[in-house]
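Engineer: Fold the following and give me the result.
(one chain, ligands or ions: 1)
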Amino acid sequence: MNDANLYSLLASGFPADRDTLCIEAPGAGDYTWRDVEAETARMANLLQSLKLPEGARVAVHVEKSPEALLLYLATLRAGYVYLPLNTAYQEAEIDYFLGDAEPSVVVCASKNLEWVRRCAQRAGTPHVYTLDDDQTGTLLDAARQASPEHAVVERGEDDLAAILYTSGTTGRSKGAMLTHGNLASNARVLHAYWGWRADDVLLHMLPIFHVHGLFVAAHGALLAGAKMIWLPRLDVAAALRELPRSTVMMGVPTYYVRLLAEPGFGRETCRNMRLFVSGSAPLLMETFNAFRERSGHTILERYGMSETVMLVSNPYDPALGERLGGTVGMPLPGVSVRVVDEAGAPCPPGEIGNIEVRGPNVFKGYWRMPEKTRQEFTGDGWFKTGDVGRWGGESGGRPVPDNYLSIVGRSKDLIISGGFNVYPKEIESFIDDMPGVAESAVIGVPHPDFGEAVVAVVVPQKGAKLDEAAMIAALKGKIANFKVPKRVHVVDELPRNTMGKVQKNVLRQTYGG
Ligand code: AMP
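Structural biologist: Next up, the predicted model:
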């Protein structure tokens, strides 16, 4: 029985006609479903011929390409553990990840081969291959020699499928261990909940070193037997060209902001679309509303993380409810979510607390960090997400039903000023509503009297001029004094990582002095 191998589940969704396209990558090659089976078989055979130890990690630091996705699938097929690494990482970072994960194989871009080989040597990694985004590399050369027939290696639900290192803005980055069972349960749930269909066409523009692009987007299309239009990154001109023949798009909020900035984007561009999904960072209410107006589509916002894959989603099926901007919706079927206070007692609707989760999708723990893993779970088995949020309350001036969750932010971004808790999101919402403001980020910086002081970093709308003193004065009339920023810094843009998350740690460094 191969059933628990995630690859077997995904392959069960491949269409009967294997000669249709699975991946269409403009300028980078197309793959039919038959090709996907054959090429992943070759790569899996190659990996198995290396006689790697049980549970061996395959670390991958390459540009996005169809072949990189095939390598992921091949690693699953061969029963090894896939370890994707952000393409932005440099030598010191790769040294840490290889040293920590001790992979048996490293695959890198040929331009980085020299230094990656050094890191591999230091980590004792015996096999190094290259894979480039132009269908070349020693990995493909070697795989070409291997057989296109391969029997999927049996795996149990609890066996590791992937390790995803968290972006870790504080402390050491941790490797979240995800099992075949974790990923399969989430793929099945999302397949049904988002109404995936064989005739869907997914516009895939997300990176594939992260949960959003690799698991949520790619698994969805593969399990549905649906075609993917594969772009290496967000390229607005290409998106405008490809959207009219797509039905599903997934993006981080910045993708939607960028599409709205294109005068050519509108209802006509989206004429075949059925679903736009946003996640990985909060979607501004303004973007949600503007997108609905321009495209006629209501973005579906969902919430998840590397450790848990997807947790909560706005409904796709209108019978389940409305998609509400500013909220992330309801727990997915099979996933339990609770909001608790510091003592662990459930918070009533409207009250902010810590978000904890449980379910078949929740990871097995942090790689080689048993102590850290223990700390992040409660005694009764709930995973502490580190996010704070609330049930119900209100959003955009409208009451929110009690079964909808809203994310208020990361608990480590919570500001404690003069002994009072300040939730940055609350103040950001007030600032974002002020005339001339495009967006804002509120942080806490060390303060001799209050412990921390509230500081706002604000981006003006195009052509608008913002005045610090006037903004502070206006806020004083609206919110309690301890929440009013002591300073308002006006900047051209907020620092974001590749997944569109505002890097508050960078802001704290810049404005903390
Ligand atoms: P990552 O592990 O990189 O996927 O990051 C997960 C974190 O991203 C979560 O713990 C949240 O803090 C944040 N996140 C993901 N989706 C959303 C969302 N829809 N709204 C707000 N924050 C989100």
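
Engineer: Going by C-alpha atoms from here, please, whenever you check contacts or count neighbours.
Structural biologist: Will do.

Engineer: Can you name the next helix or strand after the top helix by length along the chain?
Structural biologist: Longest helix in the chain by number of residues (criterion: DSSP state H): helix 33-49. Following helix 33-49 in sequence order, the next helix or strand is strand 57-61 (DSSP states H and E).

Engineer: got the angle between that following strand and helix 33-49?
Structural biologist: Interaxial angle of strand 57-61 relative to helix 33-49 (axes from the mean of the first three to the mean of the last three CA atoms, to 10 degrees): 120 degrees.

Engineer: now strand 57-61: mean pLDDT?
Structural biologist: When pLDDT is averaged over strand 57-61, the result is 98.

Engineer: tell me which residues in that strand are buried?
Structural biologist: Arg57, Val58, Ala59, Val60, His61 (16 or more other CA atoms under 10 Å).

Engineer: Check the gap between the third one and the ligand for me.
Structural biologist: Here the distance between Ala59 and the ligand works out to 18 Å (CA to the nearest ligand atom, to the nearest Å).

Engineer: And for the second one?
Structural biologist: The gap separating Val58 from the ligand is 20 Å, by CA to the nearest ligand atom.

Engineer: my guess is that residue meets Leu85, correct?
Structural biologist: No - at 10.5 Å, Val58 does not count as touching Leu85 under the criterion of CA atoms under 8 Å.

Engineer: Would you mind identifying the next helix or strand past the helix or strand containing Ile94?
Structural biologist: Element membership of Ile94, judged by DSSP H and E, is helix 91-101. Going down the chain from helix 91-101, the next helix or strand is strand 105-108, by DSSP H and E.

Engineer: Other residues contacting that following strand?
Structural biologist: Residues from elsewhere that reach strand 105-108 (CA atoms under 8 Å, 6 or more residues apart in numbering): 57-62, 116, 120, 125-132, 139.

Engineer: filter those residues to the buried ones?
Structural biologist: Buried subset of those (neighbour count, 16+ other CA under 10 Å): 57-62, 116, 120, 125, 127-132, 139.

Engineer: so Thr298, which of the three states?
Structural biologist: Secondary structure assignment for Thr298 (DSSP: H, G, I helix; E, B strand; the rest coil): coil.

Engineer: Report pLDDT for it.
Structural biologist: What the model reports for Thr298 is a pLDDT of 98.

Engineer: ok, now Thr169?
Structural biologist: Thr169 is assigned a predicted lDDT (pLDDT) of 52.

Engineer: Asp3 too?
Structural biologist: For Asp3, pLDDT reads 76.

Engineer: wait, doesn't it sit right on Leu9?
Structural biologist: Yes - using CA under 8 Å, Asp3 is in contact with Leu9, at 6.7 Å.

Engineer: Return the residues of the stretch 251-400 of the chain in contact with the ligand.
Structural biologist: Within the stretch 251-400 of the chain, the positions near the ligand by CA under 6 Å from any ligand atom are Gly279, Ser280, Ala281, Pro282, Glu301, Arg302, Tyr303, Gly304, Met305, Ser306, Val328, Asp387.

Engineer: tell me the contacts of the residue lying farthest from the centre of the chain?
Structural biologist: Most distant from the centre of the chain: Asp449, at 38.2 Å, with distances by CA atoms, centre = their mean. Taking CA under 8 Å, 6+ apart, we find Asp449 in contact with Gly418.

Engineer: Just say helix, strand or coil for it.
Structural biologist: Using three-state DSSP, the secondary structure recorded for Asp449 is coil.

Engineer: And Thr287, by the same measure?
Structural biologist: helix.

Engineer: low-scoring stretches of the chain, by residue?
Structural biologist: The chain contains residues with pLDDT under 70 at 1-2, 168-171.

Engineer: how near is the residue nearest the centre of it to Phe383?
Structural biologist: Central residue check for the chain by CA atoms, centre = their mean: the C-alpha nearest the mean position is that of His212, 3.6 Å away. According to CA to CA, to the nearest Å, His212 stands 20 Å off from Phe383.

Engineer: Quick check: next helix or strand after the helix or strand hosting Ala473?
Structural biologist: Secondary-structure assignment from DSSP H and E places Ala473 in helix 468-476. Next along the chain after helix 468-476, taking DSSP H and E as the criterion, comes strand 487-490.

Engineer: what packs against that following strand?
Structural biologist: When contacts are defined as 3 or more CA pairs under 8 Å, 6 or more residues apart in numbering; DSSP states H and E, strand 487-490 packs onto strand 451-460, helix 468-476.

Engineer: Give me the secondary structure label for whatever residue of the stretch 1-150 of the chain ends up closest to the ligand.
Structural biologist: Using CA to the nearest ligand atom, the closest approach of the stretch 1-150 of the chain to the ligand is made by Asn86 at 11.1 Å. Classification of Asn86 using three-state DSSP returns coil.

Engineer: phi, psi of it?
Structural biologist: With angles defined as degrees, to the nearest 10, Asn86 sits at phi -50, psi 130.

Engineer: residues contacting it?
Structural biologist: Contacts of Asn86 (CA under 8 Å, 6+ apart): His61, Phe209, His210.

Engineer: Put together a markdown table for those residues, with distance to the ligand on each row.
Structural biologist: As requested, these are exported to a markdown table (distance: CA to the nearest ligand atom, whole Å):
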| residue | distance to the ligand |
| --- | --- |
| His61 | 17 |
| Phe209 | 10 |
| His210 | 7 |
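
Engineer: In JSON lines, list these along with distance to Arg34.
Structural biologist: Output for these, formatted as JSON lines (distance: CA to CA, whole Å):
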{"residue": "His61", "distance to Arg34": "26"}
{"residue": "Phe209", "distance to Arg34": "25"}
{"residue": "His210", "distance to Arg34": "26"}
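
Engineer: Quick one: name the residues of the stretch 51-200 of the chain near the ligand.
Structural biologist: Residues of the stretch 51-200 of the chain lying close to the ligand (CA under 6 Å from any ligand atom) are Thr166, Ser167.
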